[in-house]
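S.K.: Using only what follows, build the 3D model:
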Amino acid sequence: MYVLGAGILAHGIAARGPEGVVFANLDLRVEPGSLTVVAGPSGSGRTSLLLALCGRLRIITGELDVDGFPLPRKAARVRKLIRPARLRPGCELEDRHRVREAITERRLISGTNKASIELGLELVGLDVDRSLLIGELPPEERLLLAVGLAAAPAPAGIVVDDVDAGLTQSGRARAWAALREVTGIGMTVIASTTDRPAGAANVVRLPAGRFAEPTAEIEMPGEAGR
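M.R.: Down below sits the predicted model:
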């Protein structure tokens, strides 16, 4: 499997949620086939930024282009290019479903064939008992299942929320390694976390609190430790 990943370019973007502005005056650049990490504490707008980048939250100012498609005008097209693996709340696997039920549901929704599903799960290194409830899986395996299923239809990119939530140190290492495997086939990955993972090159740092500062710091490759 090889995918032509999506590139993303944003300048001065802002978005508003039910309680007001969630991020503003944000610039970022995402190269096709790269892993970009959105880092910040709870309430900093991480999920909202992921929603905006995959065409599911309308920006109120600025310019946002995903693979040549401007948002919000081409939001429907962008939603087909960038698929959510997990977005909290509202877009995550149901704990009460069995693994095989989640696989069947994803095949029906996305039109993905069985072979592609198997490739997606193999890509993230996941081999689990499919009779188990999703809620019975360890947290990292629930996350990897969501990522593998999202990657199976071979979209240009995926977004993954709260990568480090509930994971042990070894679970986090496994999750980030799997996301890097996904970029290895050319797919763009944008993932949110509270703490920057070791070795991350492209990091978008969001400030604490809902719109606590007018800008977010963008840390590009080669800038770490300066």
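S.K.: Can you show me the strands along this protein?
M.R.: Taking DSSP state E, the strands of the chain run over residues 8-17, 20-30, 35-39, 59-66, 69-71, 82-86, 157-160, 188-193, 202-205, 217-219.
S.K.: Mind pulling up the pLDDT for the residue nearest to the spatial centre of the chain?
M.R.: The centre of the chain sits closest to Val159, judged by Cα atoms, centre = their mean, with a distance of 1.7 Å. Turning to Val159, the model gives it a pLDDT of 97.
S.K.: residues contacting it?
M.R.: If you count contacts by Cβ atoms under 8 Å, 6 or more residues apart in numbering, Val159 has them with 50, 53-54, 82-85, 87, 189-192. In short, each C-beta sits where N, CA and C put it, glycine included.
S.K.: Looking at those, spot the one nearest Leu167.
M.R.: Ala191 (12.5 Å; Cβ to Cβ).
S.K.: List the contacts of that closest one.
M.R.: Going by Cβ under 8 Å, 6+ apart, Ala191 touches 35-38, 159-161, 163, 179.
S.K.: Could you identify which of those has the most neighbours?
M.R.: Tallying neighbours with other Cβ atoms under 10 Å puts Val38 at the head of those, with 29 neighbours.
S.K.: any low-confidence regions in this structure?
M.R.: For the chain, applying pLDDT under 70 flags the ranges 208-226.
S.K.: Mind doing that once more with 90?
M.R.: 1-2, 17-20, 22, 40-44, 88-92, 106, 109-112, 195-202, 205-226 (pLDDT under 90).
S.K.: Which residues belonging to the helix ranked longest in the chain are considered buried?
M.R.: If you go by DSSP state H, the chain has its longest helix at helix 169-183. Neighbour-count burial for helix 169-183, counted by 16 or more other Cβ atoms under 10 Å, picks out 171-172, 174-176, 178-179, 181-183.
S.K.: Output stretch 166-175 as PDB, nothing but the C-alphas.
M.R.: Presented in PDB, the C-alpha positions along stretch 166-175 are these (Å, rounded to 0.1, in the frame of the first residue of the first chain):
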ATOM      1  CA  GLY A 166      -4.400   6.500  29.600                       C
ATOM      2  CA  LEU A 167      -1.200   4.900  28.100                       C
ATOM      3  CA  THR A 168       1.800   3.700  30.000                       C
ATOM      4  CA  GLN A 169       5.300   4.700  28.800                       C
ATOM      5  CA  SER A 170       5.600   1.500  26.800                       C
ATOM      6  CA  GLY A 171       2.100   2.000  25.400                       C
ATOM      7  CA  ARG A 172       2.900   5.500  24.300                       C
ATOM      8  CA  ALA A 173       6.100   4.300  22.600                       C
ATOM      9  CA  ARG A 174       4.100   1.600  20.700                       C
ATOM     10  CA  ALA A 175       1.400   4.100  19.600                       C
END
